[in-house]
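[1] I'll drop the sequence and a predicted model, then ask my questions.
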There are 4 protein chains.
Amino acid sequence: MADTKPGQGVENLSVVVHGVGDLRLENRPVPEPGPNEVLLRMHSVGICGSDVHYWQHGRIGDFIVKKPMVLGHEASGTVVKVGSSVTHLKPGDRVAIEPGVPRENDEFCKNGRYNLSPTIFFCATPPDDGNLCRYYTHNACFCYKLPDNVTFEEGALIEPLSVGIHACRRAGITLGSKVFICGAGPIGLVSLIVAKMMGASQVVITDLSSSRLEKAKEVGADFILQVGKDTPQQTAQKVEELLGCMPEITIECTGAEACIQTGIYATRSGGTLILVGLGPAMVNVPIVNAAVREVDIRGIFRYCNTWPMAISMLASKKMNVAPLVTHRFPLEKALEAFETTMRGEGVKVMLKCDKNDQNP
Amino acid sequence: MADTKPGQGVENLSVVVHGVGDLRLENRPVPEPGPNEVLLRMHSVGICGSDVHYWQHGRIGDFIVKKPMVLGHEASGTVVKVGSSVTHLKPGDRVAIEPGVPRENDEFCKNGRYNLSPTIFFCATPPDDGNLCRYYTHNACFCYKLPDNVTFEEGALIEPLSVGIHACRRAGITLGSKVFICGAGPIGLVSLIVAKMMGASQVVITDLSSSRLEKAKEVGADFILQVGKDTPQQTAQKVEELLGCMPEITIECTGAEACIQTGIYATRSGGTLILVGLGPAMVNVPIVNAAVREVDIRGIFRYCNTWPMAISMLASKKMNVAPLVTHRFPLEKALEAFETTMRGEGVKVMLKCDKNDQNP
Amino acid sequence: MADTKPGQGVENLSVVVHGVGDLRLENRPVPEPGPNEVLLRMHSVGICGSDVHYWQHGRIGDFIVKKPMVLGHEASGTVVKVGSSVTHLKPGDRVAIEPGVPRENDEFCKNGRYNLSPTIFFCATPPDDGNLCRYYTHNACFCYKLPDNVTFEEGALIEPLSVGIHACRRAGITLGSKVFICGAGPIGLVSLIVAKMMGASQVVITDLSSSRLEKAKEVGADFILQVGKDTPQQTAQKVEELLGCMPEITIECTGAEACIQTGIYATRSGGTLILVGLGPAMVNVPIVNAAVREVDIRGIFRYCNTWPMAISMLASKKMNVAPLVTHRFPLEKALEAFETTMRGEGVKVMLKCDKNDQNP
Amino acid sequence: MADTKPGQGVENLSVVVHGVGDLRLENRPVPEPGPNEVLLRMHSVGICGSDVHYWQHGRIGDFIVKKPMVLGHEASGTVVKVGSSVTHLKPGDRVAIEPGVPRENDEFCKNGRYNLSPTIFFCATPPDDGNLCRYYTHNACFCYKLPDNVTFEEGALIEPLSVGIHACRRAGITLGSKVFICGAGPIGLVSLIVAKMMGASQVVITDLSSSRLEKAKEVGADFILQVGKDTPQQTAQKVEELLGCMPEITIECTGAEACIQTGIYATRSGGTLILVGLGPAMVNVPIVNAAVREVDIRGIFRYCNTWPMAISMLASKKMNVAPLVTHRFPLEKALEAFETTMRGEGVKVMLKCDKNDQNP
Ligand SMILES: NC(=O)c1ccc[n+]([C@@H]2O[C@H](COP(=O)([O-])OP(=O)(O)OC[C@H]3O[C@@H](n4cnc5c(N)ncnc54)[C@H](O)[C@@H]3O)[C@@H](O)[C@H]2O)c1
Ligand SMILES: NC(=O)c1ccc[n+]([C@@H]2O[C@H](COP(=O)([O-])OP(=O)(O)OC[C@H]3O[C@@H](n4cnc5c(N)ncnc54)[C@H](O)[C@@H]3O)[C@@H](O)[C@H]2O)c1
Ligand SMILES: NC(=O)c1ccc[n+]([C@@H]2O[C@H](COP(=O)([O-])OP(=O)(O)OC[C@H]3O[C@@H](n4cnc5c(N)ncnc54)[C@H](O)[C@@H]3O)[C@@H](O)[C@H]2O)c1
Ligand SMILES: NC(=O)c1ccc[n+]([C@@H]2O[C@H](COP(=O)([O-])OP(=O)(O)OC[C@H]3O[C@@H](n4cnc5c(N)ncnc54)[C@H](O)[C@@H]3O)[C@@H](O)[C@H]2O)c1
Ligand SMILES: [Zn+2]
Ligand SMILES: [Zn+2]
Ligand SMILES: [Zn+2]
Ligand SMILES: [Zn+2]
């Protein structure tokens, strides 16, 4: 299989952040897979807000870039070599990559919430390298085979989609749910797509930006609401008017204090407010309003157990995520791609890592 | 509103079973609504297998027709008069009717499972009269206003749809679920429609009849499987081959012993087998197979808390139940309609109870 | 049954709040039970913080005393007369009273969360009268028969106990749970008792007052922690040290902002913080800390479906709530009783409403 | 630590089944721990019905003894050596051993139900060796440190206790539950103990044997019922009479067809029947009775995520399992111990594997 294995001296172009504002394209050695790993030829890798953030600020909360780190965690590629213990994958398999891999079988792993494991490995979260490069090794159990009718880009989009899945699942969205989503960035949009797939009858989504709301309309929003100077109570009131009733579920995807407040006021008694957006450490919230109406406030941290169901949905062709990809750049033009993302253009920027195949 | 109120001497043509094989169209007085009731001019009423069964056999299990009983429980109509305490409905409102109304606020009602209340009133279950007639009174809390964009027939179909909703909800169907449904009668078909709406990625459905499977294909089945002489294990094997894996969820809608056995063998470890079909009192089942693979076996009894979500879905126009209605008869031709249903023709036969409006 | 029925001209001494600081003992007519009601001769009624609050401030949040209102909602008594439709109770039955009775069968009632019904009747919440009086009528479905081995005072204590049950149930306390409770007032104490009953292996409880902590020790706390000038993080740290690990569950029973913050910091990833205490409308909380560790924040509003399980536990004699009653007064000395509660003495003050039986 | 490490030439006496009826005590080499393993000096190992079954029949279902296999899976011991990657344990630590260790991180492991992983390693299930021997290596993540106040025998009893925990957890036992348990063997008894710990107010337990029922009484049964010639319906009726109502939960711990039938008839509508007992592959059951009353039928397969909560409970001293141990034998007398178990004497027979410490 000469065509699937990188030969000697093959270069491994990688997008590496060295410090605040210091992003470099550099060659790194092609790694060898360990016994439980596979070596992948990367195909498509989306740029996430967090990638840009590490580049611009060198840190997110307590995660600080202290040594050069490869970026990228929304990825798919092709297996080129398998470790000695790997049995469910073989060279040539196209896979989507789940970037979080628990390091120890602790209480969180054992009870099915491995995303909460404090020692988890996570691509492009310091100090762990990501996969925005040509060749990359990853734990084989966290590489999921893509059916032929699912593209590499769909495979890469499973990562942000998983945030939406985990959010909607923890929200308890079901048949006929009325849902309110704050923020129409990539995460708000995937939450919207997933909410509709899980049976939500009507979704209203807000944003400051009309272009983002247009995209929301395109991917299925029933109502869009551009917010400006309204108070949280006023926005909540408008949401209720649009839906004809208060939503059972609100998914907050901005991190803004005002939106969290709105989320509490807007959600129907007995419902759930999901916090996806990450904003200031301390926020002022009308907690008694939530408490006495038994509106649960549930955050999410990434996701767990989402790749198989996402692949299943993508393969069924019921779920259309293609409109999310608005820009594509070859890996060599990664800096240009990052600047595009930073300017907030479009929704999802894809980097194409395989010189011989730049298709979706 | 002279046009919405039945005047004096107005007749109330009703479909009444008097005993085994004895079905009559007869005039009954127009009832007066009690304080918590509404008087309805009936519009569309579907015929259910149980209606036919009471006509043919005079009983279902312990429920025995001992005195003449009006049939019909899949119904919608228009409010013509409201009782003194009713505030949320007014004459002219178009409503769908939930046929089960608890008589006392017992432990089952209090904890949200009112369908299990042993003293519940239920249309066309002896000794309670149904609503296959011109005028009918019902508890106003169990009449749900239909939006303008939902037809009366959609309103009537909410009753069988509710069986599918309750089944799929108790099954825990969610995004990406693989589902196996046994039986493509009306109940299998609504379960199929609801399963897809709740996010099932692929559904395989079986039946003995190819015409029923054709209808299943029409309303969204991903795979159909005509069963004949296969053993339960063989059918389970075929289901797995079609899906590429064992389904997490099986919904049994035939009541046949062989199908319950198939359901156990077919369902993935940790999954759920829902029993909707009602067959022989005692069945022989491979219970250890289910137990050691933690395949839960959960029956359903009708439904609860389904009308609001069904209306919400119908109003969203995402869910298409119209293909289920294959025959329509004016109320005057009820006997002909019952014979059609008995012959197993089509899927759902609708009786049109309003002389002045026979539209869907 | 001349002895169980109040004769003509019988007086009905009642504790009535007329406005801020204006509490009066006055005679009211003995009411007649409606068809679904029972007339009760009251026996024991506990004084709740909210009773004192209405007396001292004339309001709690949006609930304002606009006309004279009888206080009291922690109550038990004896049936003296039953309404025409009542079948499950008869004169002479000893009952505990659930003070919240839904007025309409709305979506919240139907799905088993009737405590959230916006139009619910609730004893001693304006404008609804309570039951701190000699004779009182109540919906029979919300009067629960007490077995002979459960005292009237235990019956009255089911009301505060229910807050603890609802809190612990929504917290998901199960076998081996480590639990942290903030505040050792009556509500913190009942939560502690219930948590142990539901399988919590270790409970740590905090308060400002050492005497309240002594009582907590008496009713089963594994660890007590007197808090003073510590920051929320420091208190969280001490809780972890006492338990040997972070608690999966925190039950906040003070309403203090600092305690809510402590609750977030203290709770283990993937755990639950229950908000029982009601403090300022807006609070400042480390919401990102909760969100990224998936610590759910769930408020509670009173309770639903708790009386049967509470009676079952009391009858089993496994659960000892007797130590909660620290003071008793005859109804005639209600003002003295209220002043005792206001001074924060003891835990629960009981008013004895039956002149002929002042036993527990 | 010369005293904790087995020197060269140390013998490793082991209880090995070679085929039907062929049980031998033989010396095996002391194994070396792999990187993620620990080497343990075994202390206490209980004999399980399955151990006896492999000895008497050479198989259980599809699990067939094809080569000599060490028995034993209810075990505790002391760490004598740790593998290179083990960090949370050190020589001298006293541990309880969870016998099931998943071999791959498959879908079942990832979602927290690792007991269902089809390739799981399980002590003393062919072809995997158990730990009824002097020295044994085990995956360190499945060895749980015992606090000083928990004995080795309590540690060993966590294995059968875990079956009870998993059963009661899947049953949803909570405060005030009324529970019916069929069978007072070791598994019925641990289920009883756990049910009471989780808040069950009353438990009725049945058996054929009066001595087993006496033991049930000793460990906390509220009611015992010796069954004989009664039909399933009659037994169900007696259970209801004893409890004063139908139990919400039934835990079947015999595997007998009649008991499964009884379990269905006995359980309250909306309740749960847990199948722990393993009997004939096919059984005849009144499935419609269960289905239309929404009595869920849920099997269990061993357990998962139980050791930490069990240790927590044992350390709290609230849970008393000591009365379960009725016999003790030194490892050298293993054959005598097995014969005692086979005769059905007592409840749990413990083998003491450490020559220098035969204490509980
Ligand atoms: N919890 C997790 O595991 C997780 C995972 C991924 C992303 N996130 C977070 O989710 C959030 C969204 O991610 P994204 O990639 O979509 O970000 P984004 O910045 O692209 O999108 C946020 C959107 O919110 C809009 N917005 C800002 N303030 C608003 C307001 N007051 N009302 C309405 N809309 C407003 C912005 O216009 C923007 O379109 C970020 O905070 C990110 O950190 C969390
Ligand atoms: N549990 C409840 O609350 C509830 C409510 C409504 C209906 N039901 C029951 O649901 C079942 C289905 O109702 P329906 O109205 O669709 O009935 P139906 O008789 O119209 O449909 C049953 C279908 O199953 C097919 N079938 C029969 N044997 C089969 C087999 N071995 N394999 C595959 N398919 C087979 C038949 O060909 C038929 O198409 C009935 O048993 C009914 O009593 C239960
Ligand atoms: N959500 C509901 O449905 C519901 C129902 C009943 C009561 N409540 C609320 O529950 C709370 C407790 O009720 P209660 O009757 O026990 O009140 P309480 O005032 O008698 O007890 C509160 C206790 O908290 C202690 N406390 C105050 N600040 C503290 C701090 N910083 N740290 C630790 N302890 C502190 C006090 O010393 C006191 O002992 C109140 O806020 C009440 O309004 C809510
Ligand atoms: N599902 C699992 O993961 C799992 C795990 C462990 C054990 N088990 C099974 O649990 C069952 C109980 O295990 P055990 O070790 O206690 O077995 P055991 O044989 O010691 O106890 C069974 C008890 O049931 C009683 N019994 C038999 N028939 C009865 C009847 N008709 N009515 C009432 N009681 C009756 C017997 O007298 C005996 O006391 C066994 O079937 C075992 O295989 C299952
Ligand atoms: Zn990301
Ligand atoms: Zn029907
Ligand atoms: Zn109160
Ligand atoms: Zn065992």
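    Received it, and whenever you're ready, just let me know what you need. A quick note: this is a predicted structure, and the numbers were derived from the prediction, not measured. Ligands and ions are numbered 1, 2, ... in the order given.
[2] next, count neighbours for the closest residue to A:Gly228 other than its chain neighbours.
    Leaving aside its sequence neighbours, A:Gly228 sits nearest to A:Leu208 (CB to CB, 6 or more residues apart in numbering or on different chains; 7.3 Å). Yep, even glycine has a C-beta here, placed from its N, CA and C like the rest. Neighbourhood size, A:Leu208 [other CB atoms under 10 Å in any protein chain shown]: 13.
[3] which ones are touching A:Leu208?
    A:226-228 (CB atoms under 8 Å, 6 or more residues apart in numbering or on different chains).
[4] how is chain A divided into domains?
    Chain A is divided into the following domains under automatic domain parsing: A:13-149+A:317-352, A:163-299.
[5] quick one: closest of those to ligand 3.
    Each of those has some distance to ligand 3 by CB to the nearest ligand atom; the shortest is domain A:163-299, at 6.2 Å.
[6] and that closest one, what's its mean pLDDT?
    Domain A:163-299 carries an average pLDDT of 98.
[7] so how far is that domain off the chain centroid?
    Put simply, domain A:163-299 sits 18 Å off its chain's centre (CA atoms, centre = their mean, to the nearest Å).
[8] and it, how far apart are its ends?
    End-to-end distance of domain A:163-299 (CA to CA, to the nearest Å): 11 Å.
[9] same check on stretch A:133-152?
    Using CA to CA, the end-to-end distance of stretch A:133-152 comes out at 15 Å.
[10] go on, stretch A:110-129?
    Using CA to CA, one end of stretch A:110-129 lies 25 Å from the other.
[11] just the buried residues of that stretch, please?
    Judged by neighbour count (16 or more other CB atoms under 10 Å in any protein chain shown), stretch A:110-129 contains these buried residues: A:110-117, A:120-126, A:128-129.
[12] swap in stretch A:304-324?
    Buried residues in stretch A:304-324, defined by neighbour count with 16+ other CB under 10 Å: A:304-316, A:318-319, A:321, A:324.
[13] intersect those residues with the contacts of chain B.
    Counting by CB under 8 Å from any CB of the partner chain, A:308-313, A:315-316, A:318 from the buried residues of stretch A:304-324 sit close to chain B.
[14] contacting residues around A:Glu353?
    Check again: residue A:353 is Cys, not Glu. In this structure, A:Cys353 makes contact with A:41-45, A:77, A:132-134, A:331, judged by CB under 8 Å, 6+ apart.
[15] grab the nearest non-local neighbour of it.
    A:Met42 (3.9 Å).
[16] which SS state does that neighbour fall under?
    strand (DSSP: H, G, I helix; E, B strand; the rest coil).
[17] contacts only, for it.
    Counting by CB under 8 Å, 6+ apart, A:Met42 touches A:75-77, A:131-136, A:353-354.
[18] ok, now A:Ile260?
    Neighbouring residues of A:Ile260 by CB under 8 Å, 6+ apart: A:252, A:273, A:275, A:277, A:279, A:283, A:285, C:287.
[19] tell me the secondary structure for the second one?
    The three-state assignment at A:Leu273 reads strand, by three-state DSSP.
[20] what distance do you get for A:His73 to ligand 4?
    According to CB to the nearest ligand atom, to the nearest Å, A:His73 and ligand 4 sit 40 Å apart.
[21] cool, and A:Met319?
    A:Met319 sits 38 Å away from ligand 4, going by CB to the nearest ligand atom.
[22] now the closest residue to that residue other than its chain neighbours: how far from B:Leu243?
    Closest residue to A:Met319 apart from its sequence neighbours, by CB to CB, 6+ apart: A:Met313 at 4.5 Å. A:Met313 sits 14 Å away from B:Leu243, taking CB to CB, to the nearest Å as the criterion.
[23] then A:Cys245?
    Separation of A:Cys245 from B:Leu243 (CB to CB) stands at 37 Å.
[24] so which of the two has more stuff around it?
    Taking other CB under 10 Å, A:Cys245 and B:Leu243 do not tie; B:Leu243 has more neighbours (22 against 15).
[25] the nearest residue to that one once chain neighbours are set aside: neighbour count?
    Once flanking residues are discounted, B:Leu243 sits nearest to B:Lys178: 4.9 Å by CB to CB, 6+ apart. Neighbourhood size, B:Lys178 [other CB under 10 Å]: 27.
[26] which non-adjacent residue is nearest the residue of the stretch 251-360 of chain A found nearest ligand 8?
    Residue nearest to ligand 8 within the stretch 251-360 of chain A (CB to the ion): A:Asn305, separated by 29.3 Å. Nearest non-adjacent residue to A:Asn305, counting by CB to CB, 6+ apart: D:Asn111, 4.9 Å away.
[27] looks like the one you found contacts A:Pro308 (just checking).
    No. If you go by CB atoms under 8 Å, D:Asn111 and A:Pro308 don't touch, sitting 9.6 Å apart.
[28] for the residue of the stretch 101-250 of chain A found nearest ligand 6, what are its contacts?
    Nearest residue of the stretch 101-250 of chain A to ligand 6, counting by CB to the ion: A:Leu175, 19.6 Å away. Each residue near A:Leu175 by CB under 8 Å, 6+ apart is listed here: A:199, A:201, B:165, B:168-169, B:194, B:197-198, B:309-310, B:313.
[29] from B:Lys352, how far off is it?
    Distance of A:Leu175 to B:Lys352, computed by CB to CB: 28 Å.
[30] over to A:Ser191?
    For A:Ser191 relative to B:Lys352 (CB to CB), the value is 43 Å.
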